[in-house]
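Participant: After the sequence you'll find the predicted model.
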There are 2 protein chains.
Amino acid sequence: MTLLRNARPGVGPTERGIPEATVARLPLYLRALGTLADAGVATCSSVDLAEATGVNPAKLRKDLSYLGSYGTRGVGYDVEYLRYQIARELGQTQTWDVVIVGAGNLGTALSTYQGFGSRGISIAAVLDADAARVGSTVGDVRVEPIERLDEIVRERSVSIAVIATPAEAAQEVADVLVAAGVTSILNFAPAVVQVPDHVELRKVDLSIELQILAYHEQRRTAAPADDREASA
Amino acid sequence: MTLLRNARPGVGPTERGIPEATVARLPLYLRALGTLADAGVATCSSVDLAEATGVNPAKLRKDLSYLGSYGTRGVGYDVEYLRYQIARELGQTQTWDVVIVGAGNLGTALSTYQGFGSRGISIAAVLDADAARVGSTVGDVRVEPIERLDEIVRERSVSIAVIATPAEAAQEVADVLVAAGVTSILNFAPAVVQVPDHVELRKVDLSIELQILAYHEQRRTAAPADDREASA
DNA sequence: ACGATTTTGTCCACGCGTTCACAAGCTCTT
DNA sequence: AAGAGCTTGTGAACGCGTGGACAAAATCGT
């Protein structure tokens, strides 16, 4: 009866339309479950997991309920079983080849990030437009020239890419990626990038995050001595 | 008349309680306005700005209306004037000293990020626990030993800090930061960090972002040939 | 075997954010 | 000077996400 969640009317149930907010938290649960498993814990309650992840217990249970009924009332969740189910839901039973465009500090940070491997992510290639960087090695892979981007994406059927270039290059890179068949892009460049509807685009802007913090700091310090320009 | 927005009843107006979602978009508008100003554009409509930022025009107008009535009906917004108003609202009329903990690739990427300066952000110090990194230079500043963290934060009255350490060190670093008086933290370490209520904590997890993309890719490819384990 | 205890799964109410639609208000032309 | 044409600012409806509260269900102890 609660089916038809994200379904367009008349098309039939979209089946397992997990809310975006929930999807964003699943990796968090997965990480906590891994820690618990490493510690030898076999079973945990929603309250345990909630404390380990900083999430409200009711919210956590609701999140998990979207995947199915994997818990046991009165007992809790089997750590390994739940871990597998979340990993499967996130698509981590397979390995995803990811291309990273831009071998600056950020691109290098991503390329050398430990822990992608255990989460179904494999760095297929790192590319850069700067000839001085091409040929050097970051992590396990050699830096390729940007000209090979299209070729590499097609040959290896890469569907996920990361843009870690300067802002000026972002849109052009995105266009090449889309044309080559990439359908999910993570953009770190501080620029608005346009992609077709069928391409999933997420963006992370490090500068914006700091500006948000500065806003809160300003409000904090401005609040006590208010009055100025208040009513006007 | 539109005062008393986020006010708790009986306490009096909280004055300018701008929704969090709006605050997160203001830096985006600010960047676009900078681009327009550089291009010599004196005036722009909400539709222009919306296109430049990829935001719905109505949403953009509502966002700006939280700051005040800075537009002119029938005309649009004065680019320089609006730019100044948003910058002021975000606290960019002053400069915020920021401490970066961790001089790995990510910490280095942040330290060398161009464009913090023009957004009221100044890197006060970069610190690392690895003696091999201490003394080297990233951007303009020398890398300091982690032991000096408390001292530096107190001396320079730093209120904003970035954690770019391995996950294991994150909580300990956060504790030192909070004890030293930091009230806003941006955490890049893949770990759940606990801070007191009065401290603002934002987190960015590069691995989680990629896992979310992988989820969507999986759904995309799994959808056509469905049926498997569907109804059960 | 049965009641006490624990914990899940979910209903429901609330609040925030988004978007539409339109009145208010400004400029420009005639 | 008056109307035509824009564009802002906002009221109102809607939908999503959150969290409290509780019934359903499983285990444990006696």
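Facilitator: Right, received. Where do you want to start? Numbers count the residues shown, from 1 in each chain, chains lettered A, B, ... in the order given.
Participant: name the element residue A:59 belongs to?
Facilitator: helix A:57-67 (DSSP states H and E).
Participant: That helix: what's the following helix or strand?
Facilitator: strand A:71-72.
Participant: is the helix holding residue A:59 anywhere near chain B?
Facilitator: No: no part of helix A:57-67 sits near chain B under the criterion C-beta under 8 Å from any C-beta of the partner chain; the closest distance found is 11.8 Å. No exception for glycine: its C-beta is placed from N, CA and C like everyone else's.
Participant: Can you spell out which helices and strands pack onto that helix?
Facilitator: Here helix A:57-67 is seen to pack against helix A:20-38, helix A:46-53, helix A:79-89 when contacts are counted using 3 or more C-beta pairs under 8 Å, 6 or more residues apart in numbering or on different chains; DSSP states H and E.
Participant: Residue A:66 is nearest to which of the ones you listed?
Facilitator: Residue A:66 lies closest, by C-beta to C-beta, to one member of the helices and strands packed on helix A:57-67: helix A:20-38, at 5.7 Å.
Participant: If you count contacts, what does the next helix or strand after the closest one end up packed against?
Facilitator: Sequence order places strand A:43-44 as the next helix or strand after helix A:20-38, per DSSP H and E. Using 3+ C-beta pairs under 8 Å, 6+ apart as the contact test, the elements touching strand A:43-44 are strand A:76-78.
Participant: What residues sit buried inside the strand it packs on?
Facilitator: A:76, A:77, A:78 (16 or more other C-beta atoms under 10 Å in any protein chain shown).
Participant: I figured the second one hits residue A:65, correct?
Facilitator: Pointing back at residue A:77 there. No: Residue A:77 lies out of contact with residue A:65 (C-beta atoms under 8 Å); the separation is 11.5 Å.
Participant: Can you name the residues of chain A sitting close to DNA strand C?
Facilitator: A:2, A:44-47, A:57-58, A:61-62, A:64-65, A:69-77 (C-beta under 7 Å from any atom of the strand).
Participant: Check the spacing between residue A:69 and residue A:77 real quick.
Facilitator: 10 Å (C-beta to C-beta, to the nearest Å).
Participant: low-scoring stretches of chain A, by residue?
Facilitator: A:1-16, A:223-232 (pLDDT under 70).
Participant: what does it put close to DNA strand D?
Facilitator: Residues of chain A lying near DNA strand D by C-beta under 7 Å from any atom of the strand: A:6, A:19-22, A:55-56, A:58-59, A:61-62, A:72-75.
Participant: Just the buried residues of the residues you listed.
Facilitator: A:22, A:55, A:61.
Participant: Correct me if wrong: the first one contacts residue A:63.
Facilitator: What it means is residue A:22. Yes: assessed by C-beta under 8 Å, residue A:22 is found in contact with residue A:63 at 4.5 Å.
Participant: okay, the helices and strands packed on helix A:57-67 in CSV with distance to residue B:97 next?
Facilitator: Formatted as CSV, those follow (distance: least, C-beta to C-beta, whole Å):
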stretch, distance to residue B:97
helix A:20-38, 31
helix A:46-53, 32
helix A:79-89, 40
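Participant: Can you tell me which of the ones you listed is nearest to chain B?
Facilitator: Chain B lies closest, by C-beta to the nearest C-beta, to one member of the helices and strands packed on helix A:57-67: helix A:20-38, at 4.3 Å.
Participant: what's the distance between that closest one and the middle of its chain?
Facilitator: In this view, helix A:20-38 has its centroid 12 Å away from the chain centroid, taken as C-alpha atoms, centre = their mean, to the nearest Å.
Participant: same deal with stretch A:63-76?
Facilitator: With C-alpha atoms, centre = their mean, you get 24 Å for stretch A:63-76.
Participant: longest single strand anywhere in chain A?
Facilitator: strand A:121-128 (DSSP state E).
Participant: Which residues does that strand contact?
Facilitator: Under the contact criterion C-beta atoms under 8 Å, 6 or more residues apart in numbering or on different chains, strand A:121-128 has outside partners A:95-104, A:107, A:110-111, A:116, A:134, A:138-146, A:148-149, A:152, A:156, A:158, B:207, B:210-211, B:214.
Participant: my guess is residue A:208 meets residue B:29, correct?
Facilitator: No: if you go by C-beta under 8 Å, residue A:208 and residue B:29 don't touch, sitting 10.9 Å apart.
Participant: Between these two, which has more neighbouring residues?
Facilitator: More crowded of residue A:208 and residue B:29, by other C-beta atoms under 10 Å in any protein chain shown: residue B:29, with 23 against 20.
Participant: List the residues that contact that one.
Facilitator: Residue B:29 sits in contact with B:49, B:53, B:60, B:63, B:64, B:82, B:86, where contact means C-beta under 8 Å, 6+ apart.
Participant: And residue A:167, by the same measure?
Facilitator: A:189, A:190, A:191.
Participant: so the second one sits in a strand?
Facilitator: No: counting by DSSP: H, G, I helix; E, B strand; the rest coil, residue A:190 is located in no strand; its state is coil.
Participant: Contact partners for it?
Facilitator: Going by C-beta under 8 Å, 6+ apart, the list of residues near residue A:190 reads A:167, A:205, A:207, A:208, B:31, B:115.
Participant: again with the last one
Facilitator: Residues counted as contacts of residue A:191 (C-beta under 8 Å, 6+ apart) are A:167, A:168, A:170, A:171.
Participant: Confirm for me that the last one is in contact with residue A:201.
Facilitator: Meaning residue A:171. No: the pair formed by residue A:171 and residue A:201 falls short of the contact definition of C-beta under 8 Å, at 11.6 Å.
Participant: Which neighbours do these two have in common?
Facilitator: Common contact partners of residue A:171 and residue A:201 (C-beta under 8 Å, 6+ apart): residue A:193.
Participant: Can you give me the neighbour number for the nearest residue to residue A:208 once chain neighbours are set aside?
Facilitator: Excluding the flanking residues, the one nearest residue A:208 by C-beta to C-beta, 6 or more residues apart in numbering or on different chains is residue B:27, at 4.4 Å. Counted with other C-beta under 10 Å, the neighbours of residue B:27 add up to 24.
Participant: bridging residues for residue A:144?
Facilitator: Under DSSP bridges, the beta-bridge partners of residue A:144 are residue A:127.
Participant: what about it, how many neighbours?
Facilitator: Residue A:144: 20 neighbours (other C-beta under 10 Å).
Participant: With residue A:176 instead?
Facilitator: Residue A:176 has 17 nearby residues by other C-beta under 10 Å.
Participant: What helix or strand is it located in?
Facilitator: Going by DSSP H and E, residue A:176 is part of helix A:167-180.
Participant: who touches stretch A:196-211?
Facilitator: Against stretch A:196-211 from outside (C-beta under 8 Å, 6+ apart): A:178, A:182-188, A:190, A:193, A:195, B:24, B:26-28, B:30, B:90, B:92, B:98, B:109-110, B:113, B:115-116, B:119-121, B:160, B:162, B:186, B:202, B:204, B:206, B:209, B:212-213, B:216-217.
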